[in-house]
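Participant: Here's my sequence, what's the structure:
(2 chains)
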Amino acid sequence: MTGHDVFLPMPLMVVSSGIMVMLAATTWRRSVERSFVGSMVTLVLALAVMGYHTGRMPDTGSSLFIQDWWAGYTAILTIFSSLCILLMAWRDAGHDRTTLVDEYPLLFMLGTLGALAMVFSANYMSFFLGLEILGISLMGLAAFRHRSFMQGCEAAMKYLILSGVSSAILLFGIGLAYGITGSLRFIPPIAAGDMPAALPVAATVMILVGMFFKLSAVPFHMWLPDVMEGAPVPVAAFLAVVSKIAIFASLVRYFGTGNQPPFFDDILSVVITLTILGGNLLALRQTSLIRLLACSSIAHVGYLLIAFLCPGRLQSGAITIYLLAYTASTLGVFATITAFAIHEGPDGTAIMQWKGLFFSRPFLASAMSLMLLSLAGIPPGIGFFAKFEIVATGVEYPRGLLLCVLMIGSIIGLYYYLNIIRMMMTAPSLPSPRQNRHARPELTVLVIVLSMIVVIGGLLPARAIHSLLPAPAGPPAVQDRMVP
Amino acid sequence: MHALALLAASVTVVGAIMVITRRVAVHAVLYLVVTLLALAAVLVMQGASFAAMLEIIIYAGAIMVLFVFVIMMLNLGQTDSTREKEWLRPRAWLGPGILATIVCAELLYCRRPLSGPAPALAPITAHDVGLSLFGRYVLMVELVSFLLLAGLVSAFYIGRNRMGRH
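Facilitator: All right, here's what the predicted structure looks like:
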């Protein structure tokens, strides 16, 4: 095979060339601002070339990458989230001029590259390499906490060890799958010939466990709150949004959307029940906002998995809109936290610090309330229709028990989301000291854009519900509608 | 053939368990070398002789040298030749030696052509590996280089910061 017919989706190409240009610029003169600008330009370019590719797509089975609506959609979500997170991180790097940290945007870009490789992968190799690139860059990113370096290092260490263990399990499963089928295609193994029937089951379960670890579904969730709390806020957002989108996209790509093997049903039902209840119950007693968000993101993974488990006509649309709703609302909450943080002041990671915010900074408090309501699934936000669609899939493919769990989980969720809003509405006990707020227009714009996505998606959800999933050929959809 | 491969594999497992239970780093390294050699023997018996050679050259050779080097550097300052002698007493060599002898005996036994049908598959040579690495899988090589870059940048950041603070 010669160079001209290597099949490669263009966004991957653009992001990797961007990383190399950034590296070259770093060797010339180190500048944080320039690295940030370079990475954002790269990401915008990658969005612009979405849907193009080099070479010719080879026949199925031998290709390393794939390009279809689902890959395109999740790639757009990934790149858009990275763009938002880079905007949030700008402030982090901006106010600390003593240390040059242009590794910060570089690692974000590497993580995005890994996520993109996973999203586009059609082969175990590209999937696993993407996963590792994402994991290793997240390990470096988690240590980027200026005020408490040791805490960041602790988070990085926890992430490194647990993600290493889960990668090992995943790799073992992939090895078994390769032993069964003799091919590295990214599809579940099926026993052939005189193989014992338990072998494909073992391989599938191991791969599933590895993915659940990274997705932090409940028996394997314990690392997420700790790591997110120890990491800087933008990195926590990266962990909660980009890495989860990438893994979930691969999960759906791997298992497809049709009927699943029989053992699958039981395992997934148990995991979903535990995930929803566990995530919500853990979130109840948190005093740290970041930990609370981590637990709530665990619960949201559970809701998403319900849609994944209910094959039917509605499934595809439900997954599509739920991913969009989760991304927009979670990014919105994190953007608000970043905007709240004041240099030399509270960084907004404890819920107590938000007391009386409606009186001191009404714009921020309203945006936060909107995002939280959307996460809880209350009508003005897009979260309501997303959850509605999930319930609809559960009704179409009868799964009464899981729907009951979803109901209970949502009610518990309502308590802790509304608790934050209540905290913001209580009058501050003492007049707040004059805070030296410096204007950060980029964050204001970001919060406004995300709020618009949440509100417009909530008012006109029909445009966001498309079936983009790979298995049944879906109708062509407007691909770039969520890009402002 | 099957039994031999299983024997080599069990040597690997025993060696790996010994690696993580030793208290002295040098002893663990000795067992690690044996583990890697036994793993290479497993690969040979599966017909992947090229991978086995890579395993020996890269892991048992180059990376082990790095390990020993790092252990030497960490003990800098408190070094003490009597303690080093104590570490490398004959008793420490006994376990790795026995395991290595088992692997060696197996390999010698395998040198005789085994009875049974000739293998249908041609062995994979360096030429084939090179062709598929830089042909079909060239993009994977590029992705691996990005993985190494990510590891390098992360390690550089954490290491530099730690040195700066202390």
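
Participant: Would you confirm that A:T275 contacts A:H300?
Facilitator: No: counting by Cβ atoms under 8 Å, A:T275 does not reach A:H300; the two are 9.3 Å apart. Where you see a C-beta, it was placed from the backbone N, CA and C, and this is true even at glycine.

Participant: Who has more neighbours out of those two?
Facilitator: Neighbours per residue (other Cβ atoms under 10 Å in any protein chain shown) separate A:T275 from A:H300, with A:T275 holding more: 30 against 27.

Participant: For stretch A:19-31, could you pull out the residues that count as buried?
Facilitator: Neighbour counts over stretch A:19-31 (16 or more other Cβ atoms under 10 Å in any protein chain shown) mark A:19, A:22, A:25-26 as buried.

Participant: I misspoke; the intended subject was stretch A:304-316.
Facilitator: Judged by neighbour count (16+ other Cβ under 10 Å), stretch A:304-316 contains these buried residues: A:304-311, A:314-316.

Participant: With just CA atoms, put that stretch into CSV.
Facilitator: Provided in CSV are the C-alpha atoms of stretch A:304-316 (Å, rounded to 0.1, in the frame of the first residue of the first chain):
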residue,chain,number,x,y,z
LEU,A,304,-27.5,6.9,28.7
LEU,A,305,-26.9,3.1,29.1
ILE,A,306,-30.7,2.6,29.4
ALA,A,307,-31.1,4.0,25.9
PHE,A,308,-28.2,1.8,24.8
LEU,A,309,-29.9,-1.3,26.1
CYS,A,310,-33.3,-0.6,24.5
PRO,A,311,-33.1,-1.3,20.7
GLY,A,312,-36.0,0.2,18.9
ARG,A,313,-36.9,3.0,16.5
LEU,A,314,-36.5,5.6,19.2
GLN,A,315,-33.1,4.5,20.4
SER,A,316,-30.9,6.3,18.0
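
Participant: Centroid-nearest residue for chain B?
Facilitator: Relative to the mean C-alpha position of chain B, the nearest C-alpha, by Cα atoms, centre = their mean, is the one of B:L36, at 3.4 Å.

Participant: what residues does stretch A:280-289 touch?
Facilitator: With contact meaning Cβ atoms under 8 Å, 6 or more residues apart in numbering or on different chains, stretch A:280-289 is reached by A:225, A:229, A:291-292, A:295-296, A:298-299, A:337, A:348-352, A:354, A:408-409, A:412-413, A:415-416, A:420.

Participant: Check stretch A:307-320 too.
Facilitator: Residues outside stretch A:307-320 that contact it (Cβ under 8 Å, 6+ apart): A:73, A:251-252, A:255, A:257-260, A:265, A:268-269, A:272, A:304, A:322, A:386, A:389-390, A:392-394, A:396-397, A:399, A:402, A:464-469, A:472, A:474.

Participant: model confidence over it, on average?
Facilitator: Averaged across stretch A:307-320, pLDDT comes to 86.

Participant: now for that stretch, what's the gap between its first and last residues?
Facilitator: End-to-end span of stretch A:307-320 (Cα to Cα, to the nearest Å): 10 Å.

Participant: hang on, the earlier thing: just the buried ones from the contacts of stretch A:307-320, in ChimeraX syntax?
Facilitator: To isolate the buried subset of the contacts of stretch A:307-320 in ChimeraX, counting by 16+ other Cβ under 10 Å, use the following:
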select /A:73,251,252,255,257,260,268,269,272,304,322,386,389,390,392,393,394,397,399,402,464,465,466,467,468,469,474
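
Participant: Give me the subset of the contacts of stretch A:307-320 lying in helices.
Facilitator: A:73, A:251-252, A:255, A:265, A:268-269, A:272, A:304, A:322, A:386, A:389-390, A:392-394, A:396, A:402 (DSSP state H).

Participant: What parts of chain B come near chain A?
Facilitator: B:135-140, B:142-144, B:146-147, B:149-151, B:153-158, B:161-162, B:164-165 (Cβ under 8 Å from any Cβ of the partner chain).

Participant: In ChimeraX, how would I select just the buried ones from those?
Facilitator: Applying 16+ other Cβ under 10 Å to the residues of chain B next to chain A, the buried members can be selected in ChimeraX as follows:
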select /B:137,138,139,140,143,144,146,147,149,150,151,153,154,157,158,161
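
Participant: near chain B, which residues of chain A show up?
Facilitator: Along chain A, the residues adjacent to chain B under the rule Cβ under 8 Å from any Cβ are A:1, A:6, A:8, A:16, A:19, A:23, A:62, A:64-65, A:99, A:101, A:103, A:106-107, A:110-111, A:113-114, A:117, A:125-126, A:129-130, A:132-133, A:136-137, A:139-141, A:143-144, A:149, A:153, A:156.

Participant: try it again with 6 Å
Facilitator: Residues of chain A found near chain B (Cβ under 6 Å from any Cβ of the partner chain) are A:1, A:64, A:103, A:106-107, A:110, A:125, A:129, A:132-133, A:136-137, A:139-140, A:143, A:149.

Participant: neighbouring contacts of stretch A:451-466?
Facilitator: Outside stretch A:451-466, the residues within contact range by Cβ atoms under 6 Å, 6 or more residues apart in numbering or on different chains are A:317, A:320-321, A:324, A:328-329, A:367, A:370, A:374, A:380-382, A:385, A:477.

Participant: Buried only: go through these for me.
Facilitator: Among the contacts of stretch A:451-466, the ones that count as buried by 16+ other Cβ under 10 Å are A:317, A:320-321, A:324, A:328-329, A:367, A:370, A:374, A:381-382, A:385, A:477.

Participant: Tabulate those residues (a markdown table), appending secondary structure and distance to A:M425.
Facilitator: Putting the buried ones among the contacts of stretch A:451-466 into a markdown table (DSSP: H, G, I helix; E, B strand; the rest coil; distance: Cβ to Cβ, whole Å) gives the following:
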| residue | secondary structure | distance to A:M425 |
| --- | --- | --- |
| A:G317 | helix | 36 |
| A:T320 | helix | 34 |
| A:I321 | helix | 30 |
| A:L324 | helix | 29 |
| A:A328 | helix | 24 |
| A:S329 | helix | 20 |
| A:A367 | helix | 14 |
| A:L370 | helix | 14 |
| A:S374 | helix | 18 |
| A:G381 | coil | 18 |
| A:I382 | helix | 23 |
| A:F385 | helix | 26 |
| A:A477 | coil | 40 |
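
Participant: Could you work out the most separated pair of the residues you listed?
Facilitator: Distance extremes for those: the farthest pair is A:A367 and A:A477 at 28.6 Å, using Cβ to Cβ.

Participant: these two touch, right, the residue nearest to the centre of chain B and B:A60?
Facilitator: Yes: using Cβ atoms under 6 Å, B:L36 is in contact with B:A60, at 4.3 Å.

Participant: And the buried residues of stretch A:19-31, which is closest to chain B?
Facilitator: The nearest member of the buried residues of stretch A:19-31 to chain B, counting by Cβ to the nearest Cβ, is A:I19 at 7.2 Å.

Participant: any idea which element the closest one lies in?
Facilitator: helix A:10-28 (DSSP states H and E).

Participant: Give me the residues contacting that helix.
Facilitator: A:35, A:38, A:42, A:45-46, A:49-50, A:52-53, A:75, A:102, A:106, A:109, A:113, A:116.

Participant: Pull out the buried residues from these.
Facilitator: Buried among the contacts of helix A:10-28 by 16+ other Cβ under 10 Å: A:35, A:38, A:42, A:45-46, A:50, A:53, A:75, A:102, A:106, A:109, A:113, A:116.

Participant: on that earlier part again, and the buried ones among the contacts of stretch A:451-466, which is the shakiest by pLDDT?
Facilitator: Scoring these by pLDDT puts A:A477 last, at 37.
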